[in-house]
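Trainee: Make a model of this:
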Amino acid sequence: VRGGGWWGFIDTTGTVVIRPAFHSALPFHEGLAAVATERGWGYIDHSGAFVIEPKFDHALPFSEGLAAVQRRDEWGYIDRSGKLVIKPRFTFAGDFRQGRAAVMVGEKWGVIDRRGRMVVSPRYDWIDQFSFNRAAVWVQEPEVWSYGFVDLDGRVVVEPTFTSAERFREGLSRVQVGDLYGYADTTGALAIPARYGWAFEFSEGLAAVNEGSGWGFIDTSGNYVIEPRADWSVSSFSDGLAAVRIGDEWGYIDRTGTIVIEPAFEGAEPFDRGRAIVWVGGKYGIIDKTGAFLAEPRYERIQSYSKR
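Mentor: From the prediction side, this is the model:
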């Protein structure tokens, strides 16, 4: 949370557990949180004690036991002891997923393994994180942008033919064909035809889509579970609920489309473990699934809950 210009941490009841004392902070991942002080970026544990001293120019959360850190404009990776296990040599470095991480060398993206060896040479204009043994890659040519997929060994498994593509969620990737969105399986075949003007990724078996008549939710077969509503703006389902905006205010619906928390907020984030971040009057607070405040809206900012 941010209060008085400083960042600290609260628990799921809204109680301050690490007082605001940091210039910047990222959520906990794998038991550690990256925070910034006047000395630089380091990592603290749940007690607020530094486990890895602040000595980096920038730092990202841990993923699969490694974290990307920056020194003198170059990125590398440390382990949980703070030891540099992949020396800084990249323009930028992403999170590890399935033992692979996208890295930028010069102006091109490639993929490394946990030992820092190049699995995909830096030849793409962008690479997403791996999921379901696939990563979306972007190739930019004069006046043409196209997306395809590579596997864990860097082999092209779907040629760059999509206008856009996202990482796989629940076995499907949201892809764009021309101006319309659909969903492709891991072979690149369209499991749900591209017929939506806009669409979100799948989450908890449902995806928000808009064919022009309003937002609704489909299942992985492409069938509507919640019919489109012209007066809705929505977010994805999380923890059994989805945020929905009606007019200028946000509330939450359940998987039947029934409003279970009346719209009363300026903004609303997804639920996680029974808690959601909302804001009212420009201030952030936390509610439970009844809509009751666990932490009154008094903070300048609250980041999403940590991945412990």
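Trainee: contacts, neighbours, all on C-alpha from now
Mentor: Fine.
Trainee: unless I'm mixing things up, Trp109 is touching Gln129, no?
Mentor: No: taking contacts as CA atoms under 8 Å, Trp109 lies outside contact range of Gln129: 11.7 Å.
Trainee: okay, the two: which has more neighbours?
Mentor: Using other CA atoms under 10 Å, the more surrounded residue of Trp109 and Gln129 is Trp109, with 24 against 21.
Trainee: Please determine how far the more buried one is located from Ser81.
Mentor: From Trp109 over to Ser81 the distance is 28 Å, taken as CA to CA, to the nearest Å.
Trainee: How about Thr91?
Mentor: Plainly put, Thr91 is 23 Å away from Ser81 if you go by CA to CA.
Trainee: Compare neighbour counts for these two and give me the winner.
Mentor: When Thr91 and Ser81 are compared for neighbours, Thr91 comes out ahead with 17 against 10, by other CA under 10 Å.
Trainee: The more buried one against Gly106, yeah?
Mentor: Yes: here Thr91 reaches Gly106: they are 6.0 Å apart, a contact under CA under 8 Å.
Trainee: how many other residues sit next to Asp272?
Mentor: Close neighbours of Asp272, defined as other CA under 10 Å, add up to 17.
Trainee: which strand residues sit across from it in the sheet?
Mentor: With DSSP bridges as the criterion, Asp272 is bridged to Arg275.
Trainee: what do you get for Phe56?
Mentor: Trp41.
Trainee: pLDDT value on it, please?
Mentor: Looking at Phe56, its pLDDT reads 98.
Trainee: do the same with Glu74
Mentor: 98.
Trainee: my read: it touches Arg89, true?
Mentor: Yes: counting by CA under 8 Å, Glu74 does reach Arg89; the two are 5.3 Å apart.
Trainee: so which strand or helix has Ile86?
Mentor: Following DSSP states H and E, one finds Ile86 within strand 84-90.
Trainee: Kindly report the same for Ala67.
Mentor: Applying DSSP H and E, one finds Ala67 within strand 67-71.
Trainee: for Asp153, same thing?
Mentor: If you go by DSSP H and E, Asp153 is not part of any helix or strand.
Trainee: List the contacts of it.
Mentor: Contact partners of Asp153, counting by CA atoms under 8 Å, 6 or more residues apart in numbering, are Val119, Val120.
Trainee: ok, it to Gly110 distance?
Mentor: Distance from Asp153 to Gly110, by CA to CA: 12 Å.
Trainee: overlap in contacts of those two?
Mentor: Joint contacts of Asp153 and Gly110 (CA under 8 Å, 6+ apart) are Val119, Val120.
Trainee: gap between the closest residue to Thr256 other than its chain neighbours and Leu206?
Mentor: Leaving out its chain neighbours, the residue that sits closest to Thr256 by CA to CA, 6 or more residues apart in numbering is Ile226, at 6.4 Å. Shown here: Ile226 relative to Leu206, a distance of 9 Å by CA to CA.
Trainee: which neighbours do these two share?
Mentor: Shared contacts of Ile226 and Leu206, defined by CA under 8 Å, 6+ apart, comprise Phe217, Ile218.
Trainee: and Val111, how many neighbours?
Mentor: 29.
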